[in-house]
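Asker: Okay, structure incoming, though there's no sequence with it:
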């Protein structure tokens, strides 16, 4: 019988510590669960790197899925803060289901009706229901099994811990799925680079990994669905359908990506349609059943609330969401340029006809929110509504491997763009968001204020480090900005290395 290695024993102990933190409800009884899971995740990543490098292998090539998952999860949890708001109903929902057998918040009426909850939980037919889709909360059920079984009290701090952990796990899982799609079309080294761009250089890092947002499950679902589409076989087709079904149950605007997948299968892979529908229908039908049971209609409980948020088309919003300092996609994710460039190449490949459909879905998201009066997204980091739309852009960037790696100038441009994206979203994960407590009107008035860009916010009064007096604040901010060298140096080395034979 093999004796467990010291590293394995450490992981077992840390896994037990995490389980105890869940059972006891975190502080003040025990460690916060996100701290316990961070220790486990960091140890798993360190152990994996140590074992693989000692064996002369590169972890991101020899064990890429595990390496990406543990690395991203560790960095997501390392902020030790909760960046939530819209996730609050989903953060408690598993307790309602596991402890009381209901998807309403009636068992926690005092909590659900207190001040500040009016925009999150709404009375419908005498019941208290979430004002947001519940798919992400239902998907998080496994995490809540231990707390529910041991009657851990659902305090706000504990729920924020669980919400962040669930969002981080889903987002890290989506990074693995994105790599699986990429490696079908480019080298393993470039697939890892583009997967890390997605995991650390987009809203994955700053937003969807920081709380149980609906986008957390939507991104995992679409990534899982795309992975299923690029593989062959009935099982993969069913997995693709399941992924897209989960994404729609998480966010109704994910219907654009469900439609993209459905049209691709219908027009180009019709033989896969039965298996695809077999995977798609269960989460879709269960979501309809929730609506019908709790509202008596096939409308979500928040239908009236959301419907009035849409207005006439606002042409100016197209520029605002692309270029403005507070919400412009190209400032928060300039690597989109590489994605668009890659799209021009993949569109010409008859083996990747799916690319047209998903590019169209991403474009439709941009146009859809130009109809929304609250397009600034409330408490948001940049344009977080684009969290799902940037996923195809990261995949398309994989198409330009040869051009980028063969050109010193393009390689330098990619390296520094990657590093800039990581720095921007690391600030979002680790610091207070610009205008975090502002109203929609306040946000609209400051859309084009340069000081609202996160990297400039570090220097100003009202910014996330304004507790540090000048001139020390400026020095502190410059030191933080200098950290851009870390991801740049890593990417430079990563691309300079030769492929293993």
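Answerer: Perfect, thanks for sending it. Just so you know, these numbers come straight off a predicted model, no measurement behind them.

Asker: these two touch, right, residue 84 and residue 91?
Answerer: Yes: with contact defined as Cβ atoms under 8 Å, residue 84 reaches residue 91; the gap is 7.4 Å. All C-beta spots, glycine's among them, are computed from the backbone N, C-alpha and C.

Asker: Now do the lowest-mean-pLDDT helix or strand in the chain: everything it contacts.
Answerer: Every helix and strand in the chain was compared by mean pLDDT, DSSP states H and E; the lowest is helix 303-307, with a mean of 78. Outside helix 303-307, the residues that touch it by Cβ atoms under 8 Å, 6 or more residues apart in numbering are 122, 131, 297, 300.

Asker: State the distance from residue 87 to residue 472.
Answerer: Separation of residue 87 from residue 472 (Cβ to Cβ, to the nearest Å): 35 Å.

Asker: The two: which has the busier surroundings?
Answerer: Between residue 87 and residue 472, counting by other Cβ atoms under 10 Å, residue 87 is the more crowded of the two (29 against 10).

Asker: Compute the number of surrounding residues for the nearest residue to residue 98 once chain neighbours are set aside.
Answerer: In this structure, residue 98 finds its nearest non-sequential neighbour in residue 148, 3.9 Å apart by Cβ to Cβ, 6 or more residues apart in numbering. Other residues lying near residue 148 total 17 when counted by other Cβ under 10 Å.

Asker: who's in contact with residue 148?
Answerer: 94-95, 98-99.

Asker: In contact with the closest residue to residue 219 other than its chain neighbours, which residues?
Answerer: What sits nearest to residue 219 in space, not counting adjacent residues and going by Cβ to Cβ, 6+ apart, is residue 174, at 4.6 Å. Contacts of residue 174 were listed using Cβ under 8 Å, 6+ apart, and they are 198, 204, 219-220, 222-224, 391.

Asker: so how far is residue 275 from residue 174?
Answerer: Residue 174 is 22 Å from residue 275, by Cβ to Cβ.

Asker: Output the contacting helices and strands for the helix or strand hosting residue 229.
Answerer: Counting by DSSP states H and E, the element that carries residue 229 is helix 214-230. Helices and strands touching helix 214-230, by 3 or more Cβ pairs under 8 Å, 6 or more residues apart in numbering; DSSP states H and E, are helix 135-139, helix 156-182, helix 234-250, helix 255-268, helix 354-368, helix 390-397.

Asker: Could you rerun that using 6 Å?
Answerer: Under the contact criterion of 3 or more Cβ pairs under 6 Å, 6 or more residues apart in numbering; DSSP states H and E, helix 214-230 touches helix 135-139, helix 156-182, helix 234-250.

Asker: Run through who's touching that helix.
Answerer: When contacts are defined by Cβ atoms under 6 Å, 6 or more residues apart in numbering, helix 214-230 is touched by residues 133, 135-136, 139, 167, 170-171, 173-174, 177-178, 180-181, 184, 208, 236, 239-240, 243-244, 246-247, 250-251, 254, 257, 261, 354, 387-388.

Asker: got it, and stretch 430-441?
Answerer: 79, 374, 379, 381, 443, 452, 454, 457, 464.

Asker: Out of these, who's the most crowded?
Answerer: residue 381 (27 neighbours).

Asker: With residue 100 as the reference, measure out to the nearest residue to that residue once chain neighbours are set aside.
Answerer: Leaving out its chain neighbours, the residue that sits closest to residue 381 by Cβ to Cβ, 6+ apart is residue 428, at 4.3 Å. Look at residue 428 and residue 100: by Cβ to Cβ, they are 35 Å apart.

Asker: what do you get for residue 301?
Answerer: For residue 301 relative to residue 100 (Cβ to Cβ), the value is 18 Å.

Asker: Compare residue 428 and residue 100 and say which is more crowded by neighbours.
Answerer: Between residue 428 and residue 100, counted using other Cβ under 10 Å, the more crowded position is residue 428 (25 against 14).

Asker: and that one, helix, strand or coil?
Answerer: Taking DSSP: H, G, I helix; E, B strand; the rest coil as the rule, one finds residue 428 in the helix state.

Asker: now, the most widely separated pair of the contacts of stretch 430-441?
Answerer: Within the contacts of stretch 430-441, 79 and 374 form the most distant pair, 26.2 Å apart (Cβ to Cβ).

Asker: returning to what we had before: the inter-axis angle of the helix holding residue 229 versus helix 255-268?
Answerer: In terms of direction (axes from the mean of the first three to the mean of the last three Cα atoms, to 10 degrees), helix 214-230 departs from helix 255-268 by 10 degrees.

Asker: List the buried residues of stretch 451-463.
Answerer: By 16 or more other Cβ atoms under 10 Å, the buried positions in stretch 451-463 come out as 452-455, 457-460, 463.
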